[in-house]
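# Structure, please.
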Amino acid sequence: MMEPLIFAGLGLFLTACYLLQRILRPARYRPLPPGPRQLPLIGNALDLPKSHEWYTYHEWAKQYGDVIYLSVLGKPVIILNSHEAAVDLLIKKAAIYSDRPTSTMGGKIVGWEDSIALVPYHRQFKTMRRWFGLLMGTRSSTHLWDVEEQMTKRFIRKVYNGVMGGDREGLKVEEKIRWTAGAIILRITYGYAVAEKDDPFIQLAGNAMESFSQSMEPGVWAVDFFPILRHLPSWFPLAHFKRIGKKWRALIDDVGKTPLDFVKNQIMQGTAPLSFVRDLLEERGPEMTPADESLIQWAAVGVYTGGADTTVSAIYSFFLAMTSHPEIQKRAQSELDHVLCNERLPTLQDRQNGLFPYIDALAKEIVRWAPVVPAGLPHALREEDEYRGWRIPKGSQIYANIWGITRNATMYPSPHEFRPERFLTKAQGGDCETENDLPLDPTKIIFGYGKRSCPGQHLAELSIWISIAMSLAVYNISAIKGHEPSVYDCERGVVAHPKPFKCEISVRSTKAEELIKAIPDHDVTAWMHPLPKKQTTKE
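Residues are numbered from 1 along each chain as shown. This is a model prediction of the structure:
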């Protein structure tokens, strides 16, 4: 009778000793997460890929697991390859995982350090996030519908004009997508109506975001590993990064000041239409300090540059997907035709009413299949942490490998297959038995995690959805024989854009052509509805 009690007591004693040892054990003796073998002094510096790093991170996960440790010239780097790990650290522990690491090239040299993407997690960041939340912080964002719908109609008309003008291979589709994204975001941010061709603000935003994407690539710039190099004179042979940075910095200065001055001048003349910037400037009024103006400038840049580039990638990926999946295109068009009867174009109210579940699923699959920021932007850890018994060193750069997470076969069976049906129940003609069996909505992944998630998520979702729905309502998108894209391939950079491809775009029917021709081939008044004044409450 006594033996079971003795063994039970001994078991409890050993368990207590183990737990006490774990608690009292110095953090420095805890193991680091697994990862590639390190070399003396340089660690894993030679292992870092020069581009498309998300593919390498995904391959490493097969060998080392979903949490990977790298040491790059003494700097700790953690790669998260699962949604579970990203949630555990970046959301549940957001209080210590929401900083950004210092970027010498992209931040200090090029000049993005005060942007919403890179600014540290302090009052400036929180103020900008609050402004963004009030501008576009809900899924419906009904006050933005008019701008979204009218500018997307303009896109439809521009595509038609291009086809009629001889663009039979879709070579200028991306240019038209970029015009539309710029027109929407510039109208919302600055109340600015873009020019029909070669608009300077759209070009400026595109060039600025290209500089951001390239200057923030991990493992590319030696000055990010050796910040002291930034003090080299620009003529020095190893200082080519300074010459590039100087050129890019001039873009950043322009992208912040030029459109802001445009709104300020219009306010002085009494002609400024409703916009995000106008409201912020008027709220501060004569009491505005240089610090206030700088914060407004960078908040506007965050909306302007982010929204004018990232949705371009997603919508262009949609056109690419349609060239390879005619059966998916036909099903989506059948759903649209059943509701619209070729008598009107789809609206965002249709989305709100849930009239097009297959279009909803198609939009989700686009962003899962071709995430816009596939490797994510790095978080920085404020203090030492412990996870699953591993030590996560203070100052670690934490990357959530978005591309790898969206390729998780457990979450998304056959993850490399483009299949919207994965987000529908069998009653809707999809793969899942019930709604409880639906996989995780990829928008909870691809826009980032925690307090550093994309503040423009809801605006981006509106743009992607309405572009898909309107395009399929009136156009057939097909591959050109001999130019069929075999696999998804993208340009290098933090923001991944599909490499240029050819596609044939044709009007679906006479009724579709009538709908297109009814769209004004010029600008129309389309302001967002007024926002509550509390959006500009002074800090």
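# measure stretch 434-452 end to end?
In stretch 434-452, first residue to last residue: 32 Å (Cα to Cα, to the nearest Å).
# From here on, call the first residue 719.
Taking 719 as the first residue, the last one we looked at is stretch 1152-1170.
# Give me the mean pLDDT for it.
Mean pLDDT, computed over stretch 1152-1170, is 95.
# and what of stretch 1121-1133?
Averaging pLDDT residue by residue across stretch 1121-1133 gives 96.
# Now for the residue nearest to residue 800 when sequence neighbours are not counted, how many residues are close by?
Distance criterion Cβ to Cβ, 6 or more residues apart in numbering; nearest residue to residue 800, sequence neighbours excluded, is residue 784 at 3.7 Å. (C-beta placed from N, C-alpha, C; glycine too.) Residues near residue 784, counting by other Cβ atoms under 10 Å, number 19.
# which residues sit in contact with residue 784?
Applying Cβ atoms under 8 Å, 6 or more residues apart in numbering to residue 784 gives the contacts 798-800, 802-803.
# Out of these, which is nearest to residue 891?
Set against residue 891, the nearest of the contacts of residue 784 by Cβ to Cβ is residue 799 (33.3 Å).
# didn't that closest one look like it was pressed against residue 1124?
No. Counting by Cβ atoms under 8 Å, residue 799 stays clear of residue 1124, with 10.8 Å between them.
# And those two? Which one has more around it.
Ranked by neighbour count (other Cβ under 10 Å), residue 799 and residue 1124 place residue 799 first, with 27 against 23.
# quick one: contacts for the more buried one?
Counting by Cβ under 8 Å, 6+ apart, residue 799 has contacts 775-776, 778-779, 783-786, 1119, 1122-1123.
# Kindly recompute the last result at 7 Å.
Contact partners of residue 799, counting by Cβ atoms under 7 Å, 6 or more residues apart in numbering, are 775-776, 779, 784, 786, 1119, 1122-1123.
# Determine which two of these are furthest apart.
786 and 1123 (13.1 Å).
# The two: which has the busier surroundings?
A count of neighbours by other Cβ under 10 Å puts residue 1123 above the other of residue 786 and residue 1123, at 31 against 23.
# Tell me which helix or strand comes right after the host helix or strand of the more buried one.
Assigned by DSSP states H and E, residue 1123 belongs to helix 1120-1124. Next in sequence after helix 1120-1124, counting helices and strands by DSSP H and E, comes helix 1161-1164.
# hmm, back to that, in helices, which of the contacts of residue 784 appear?
Among these, the members found in helices (DSSP state H) are 802-803.
# Can you flag the buried ones in the contacts of residue 784?
For the contacts of residue 784, a neighbour count by 16 or more other Cβ atoms under 10 Å gives the buried set as 798-800, 803.
# Now flag whichever of these is closest to residue 1160.
Residue 1160 lies nearest to residue 800 out of these, by Cβ to Cβ, at 14.2 Å.
# didn't the closest one look like it was pressed against residue 1123?
Yes. Look at residue 800 against residue 1123 with Cβ atoms under 7 Å: they come within range, at 6.4 Å.
# Show me the strands in the stretch 969-1118 of the chain, by range?
1097-1098, 1103-1105, 1108-1110, 1115-1118 (DSSP state E, counting those that start in this stretch).
# For those strands, could you give me TSV that also reports mean neighbour count?
Listed next are the strands of the stretch 969-1118 of the chain as TSV, based on neighbours: other Cβ atoms under 10 Å:
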stretch	mean neighbour count
strand 1097-1098	24
strand 1103-1105	16
strand 1108-1110	20
strand 1115-1118	25
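# that older thread, ok, the buried ones among the contacts of residue 784 vs residue 918, which is closest?
residue 798 (39.9 Å).
# Please determine how far that closest one is located from residue 776.
Residue 798 is 12 Å from residue 776, where distance means Cβ to Cβ, to the nearest Å.
# which residues are common contacts for these two?
Shared contacts of residue 798 and residue 776, defined by Cβ under 7 Å, 6+ apart, are found at residue 1119.
# what about stretch 1104-1115, start to end distance?
Using Cα to Cα, the end-to-end distance of stretch 1104-1115 comes to 15 Å.
# How about stretch 983-997?
14 Å.
# Only the buried residues of it, if you could.
984, 990, 993-997.
# for those residues, which one is nearest residue 956?
Looking across the buried residues of stretch 983-997 and measuring by Cβ to Cβ, the closest to residue 956 is residue 995, at 40.6 Å.
# Give me the pLDDT for that closest one.
For residue 995, the predicted pLDDT is 93.
# check contacts around it.
907-908, 978, 981, 1014, 1018.
# Narrow the residues you listed to those in helices?
907-908, 978, 981, 1014, 1018.
# Can you add distance to residue 882, pLDDT and neighbour count and give those back as TSV?
Listed next are the ones in helices among the contacts of residue 995 as TSV, based on distance: Cβ to Cβ, whole Å; pLDDT from 0 to 100; neighbours: other Cβ atoms under 10 Å:
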residue	distance to residue 882	pLDDT	neighbour count
907	32	92	26
908	32	92	24
978	38	93	22
981	36	94	24
1014	42	94	25
1018	36	92	25
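# For these, could you give me a markdown table that also reports distance to residue 1073?
Listed next are the ones in helices among the contacts of residue 995 as a markdown table, based on distance: Cβ to Cβ, whole Å:
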| residue | distance to residue 1073 |
| --- | --- |
| 907 | 30 |
| 908 | 33 |
| 978 | 40 |
| 981 | 37 |
| 1014 | 39 |
| 1018 | 35 |
